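Visitor: Dropping the sequence and predicted coords here.
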Amino acid sequence: MNAILGIEGVSKSYGKVAAARELALTAEPGELVTVIGPSGCGKSTLLRLVAGLDRPDAGTIRIEDEEVAGPRSWVQPERRRVGLVFQDHALFPHLDVTRNIAFGLDRLPRAERRARVDEVLAIARLGELAGRYPHELSGGEQQRVALARALAPRPAVVLLDEPFSSLDETLRAQVRADTIAVIRATGTTAMLVTHDQTEALSVGDRVVVMHRGRIEQADTPVSVFERPSTRFVASFMGDAAFLPAHVHDALLTCEIGVVSTVPGWGHVDVDVDVVLRPHEVALTASDDGIGVVAAVEYHGAFVLHSVRLPSDRVIQSWQPHSVRHPVGTRVAVSVVPGVTPTLLVGDETVTKPPS
């Protein structure tokens, strides 16, 4: 199937600040793409460029095979078949739920408009709230109305800019689940910007990690977390320790000892960095251990141990709630069996021996 959204070589600067640098990305029919990165990385600029709120300096943007932005083309935002959902919902306070949803359907005949509003009210489970005004709704209900309004005109793609960040933690999970369920039910292609790593990994079919205006990696959630392409992705998408290591004849060793074998790296002698996440690190209390527990954080089902190594580097380890090594305990540090750690040379991941 043809991509619903196609971005090729798109760049955008504001004065001397490059907010987007040669972005290339596609979104397939029904795909939910999550976009994540630190503040100022360009993720909201990406959404604004797709929506038509900003014009790119270079490159092209296509929606359903129509070029909507390019060197010789420009389609106004209202004609792009793009739905927008903002963090603050942007509902009209003087209109009830029904009229908020109907706002973008003014070109339809009255009967079709009414039928479409009823359909979207049912999909978003808003029927009982149809006559209420925004100030009479909870934050989660307002979010559902904003999504319903964006979906009502049957957009080709829906863009959501940190839609859950204003909600408290307890409500956020439920509203997120409701929102994703509606998007899935309608089969709508969507791009969701978030600053929450767990959110990006748990709801996206594909995760786009941005840094300094560039896309560092665009891949499945599993690949982004377990096989990061760069040092930045490895550090940004979850806690990670970077330990100097060495591969000799396919054996990977570092400060904590033998980490693993590296298939295909026979007859190789090279320095690397090994990336170890807390769930990949095993601890055992031992008087001969090289590590000393420096901090313990209780997280309910799990306990996070921070362990200081002889080099003064700190490595972290998740342990079941029943395992707690007090601060000052000497521990043996190893890698959980079966783990295939990420290796870096410089700032890039390597999957085969460096030439």
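Guide: Right, received. Where do you want to start? Numbers count the residues shown, from 1 in each chain.

Visitor: quick one: low-confidence ranges for the protein?
Guide: 1 (pLDDT under 70).

Visitor: need the strands for the stretch 51-200 of the chain, in chain order.
Guide: Under the criterion DSSP state E, counting those that start in this stretch, the stretch 51-200 of the chain carries strands at the ranges 58-63, 66-70, 73-74, 82-85, 157-161, 189-194.

Visitor: What strands line up against the fifth one, and which way round?
Guide: Taking DSSP bridges as the criterion, strand 157-161 pairs within the sheet with strand 82-85 (parallel), strand 189-194 (parallel).

Visitor: Among those strands, which comes closest to Val272?
Guide: strand 189-194 (31.4 Å; C-beta to C-beta). From N, CA and C alone the C-beta is placed, and that goes for glycine too.

Visitor: Pull the residues that contact the closest one.
Guide: Applying C-beta atoms under 8 Å, 6 or more residues apart in numbering, the external contacts of strand 189-194 come out as 4-5, 27-36, 43-44, 46-47, 50, 156-165, 183, 200, 203-204.

Visitor: Drop anything exposed from the residues you listed.
Guide: For the contacts of strand 189-194, a burial check counting by 16 or more other C-beta atoms under 10 Å picks out 4-5, 27, 31-36, 43-44, 46-47, 50, 156-164, 183, 200, 203-204.

Visitor: and these, which of them are in helices?
Guide: Lys43, Ser44, Leu46, Leu47, Val50, Ile183, Ala200, Val203 (DSSP state H).

Visitor: Could I get the contacting residues of the fourth one?
Guide: Each residue near Leu47 by C-beta under 8 Å, 6+ apart is listed here: Val35, Leu159, Asp161, Met191, Val193.

Visitor: beta partners for the fourth one?
Guide: Beta-bridge partners recorded for Met191 (DSSP bridges): Val33, Leu159.

Visitor: So what's the residue count around it?
Guide: 26 (other C-beta atoms under 10 Å).

Visitor: next one: stretch 291-300 to chain centre, how far?
Guide: 28 Å (C-alpha atoms, centre = their mean, to the nearest Å).

Visitor: Export only the CA atoms of stretch 236-245, formatted as CSV.
Guide: The C-alpha trace of stretch 236-245 is given here as CSV (Å, rounded to 0.1, in the frame of the first residue of the first chain):
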residue,chain,number,x,y,z
PHE,A,236,17.6,8.6,25.9
MET,A,237,15.3,5.6,25.6
GLY,A,238,15.8,4.3,29.2
ASP,A,239,18.5,4.2,31.8
ALA,A,240,21.8,2.7,30.5
ALA,A,241,25.4,2.3,31.7
PHE,A,242,28.2,2.7,29.1
LEU,A,243,31.2,0.6,30.1
PRO,A,244,34.5,0.5,28.2
ALA,A,245,34.9,-3.0,26.9
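
Visitor: Residues touching it, excluding its own?
Guide: With C-beta under 8 Å, 6+ apart as the criterion, stretch 236-245 contacts 36-38, 197, 200-201, 207, 209, 211, 224-225, 228, 231, 234-235, 252-256, 259, 271-278, 281, 313-316, 343-344.

Visitor: Touching, Gly104 and Leu151? I think so.
Guide: No: checked against C-beta atoms under 8 Å, the pair Gly104 and Leu151 is beyond contact range at 9.9 Å.

Visitor: between those two, who's got more neighbours?
Guide: More neighbours surround Leu151 than the other of Gly104 and Leu151, with 25 against 17 (other C-beta under 10 Å).
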